[in-house]
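# Structural data only, the sequence is not supplied:
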Ligand SMILES: Nc1ncnc2c1ncn2[C@@H]1O[C@H](COP(=O)(O)OP(=O)(O)OP(=O)(O)O)[C@@H](O)[C@H]1O
């Protein structure tokens, strides 16, 4: 298993944002992280990425603790709100990542990424002059440049135009085909149904369901034509907990 999360807990004051969840993801797996608002998805992703200090539990990447430099190198986190440098140009963001990760011969690939995400013409624009969608796309290009093995996406399809959504979905398929592991937090259940091999469903900090759509149908004794949305609404309904 390339990513292993065991007994992860994180609280904010009295709020148990993540309350002891465990799961493991294998190489090339694309997994949807689902849950109602406030379920703990972002907190989980940030704890895995090391951006939030966990209270308890362990997270390993390729068997190494996630705080180890080698493990961090293998991880990328793409936040819901694009976090870019206002005073750096698009190309300078790519240079910054290349320097941070000691990349060599990265320029051609950076050019291809910018081309692919329609940012080539904005190469010399400052971050402060870009739209939200463009900022989102730079974050994605930066995340892909150092070839991480595990990519954590928080609501990746929000704020992108239809072409960028299509590009990103294609990028997900390419990443999966090249053996990358993707954990994608999303409320877009039809996309999750098409894209993900399996899902993890969180509610109030706990993992309340997991598996492929077929496994969820069986666990919930649902009909063979029930959609992920049907299953999600049933499993997260208030009388379930
Ligand atoms: N920095 C923080 N300080 C205090 N409480 C927080 C903080 N971050 C998150 N929380 C709380 O932790 C819980 C889980 O939040 P989180 O953002 O992880 O949920 P989510 O599943 O990502 O929600 P959404 O789908 O709305 O993005 C919520 O009750 C939230 O209010």
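Done, it's in. The structure displayed is predicted, hence computed values, not measured ones.

# So what sits opposite residue 16 in the bridge?
Counting by DSSP bridges, residue 16 is bridged to residue 11.

# which residue ranges form the helices in the protein?
For the chain, the helices defined by DSSP state H occupy 41-49, 69-73, 90-100, 107-116, 132-145, 162-177, 189-195, 213-219, 228-235.

# other SSEs contacting the shortest one?
Helix 69-73 sits against strand 64-65, with contacts defined as 3 or more C-beta pairs under 8 Å, 6 or more residues apart in numbering; DSSP states H and E. To be clear about C-beta, it is placed using only N, CA and C from the backbone, and glycine gets the same treatment.

# what's the strand it packs on in contact with?
58, 59, 70, 71 (C-beta atoms under 8 Å, 6 or more residues apart in numbering).

# Could you pull up the residues touching residue 119?
Contacts of residue 119 by C-beta under 8 Å, 6+ apart are 90, 134, 137, 138, 141.

# Distance check, the fourth one against residue 44.
So the one you mean is residue 138. Residue 138 is 24 Å from residue 44, where distance means C-beta to C-beta, to the nearest Å.

# which of these two has more neighbours?
Shown here are residue 138 and residue 44; by other C-beta atoms under 10 Å, residue 44 has more neighbours (30 against 27).

# how does this protein divide up, domain by domain?
Domain ranges of the chain: 3-74+149-240, 84-147, per automatic domain parsing.

# what does stretch 216-234 rub up against?
Stretch 216-234 is contacted by residues 34, 189, 190, 192, 193, 199, 201, 209, 211, 213, 235, 240 when judged by C-beta under 8 Å, 6+ apart.

# If we go by neighbour counts, what in it is buried?
Within stretch 216-234, the residues scored as buried using 16 or more other C-beta atoms under 10 Å are 216, 217, 222, 228, 230, 231, 232.

# Adding pLDDT, write the residues you listed out as CSV.
Shown next, in CSV, are these (pLDDT from 0 to 100):
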residue, pLDDT
216, 95
217, 95
222, 93
228, 96
230, 95
231, 96
232, 96
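
# so residue 7 sits right up against residue 55, yeah?
No - if you go by C-beta atoms under 8 Å, residue 7 and residue 55 don't touch, sitting 10.1 Å apart.
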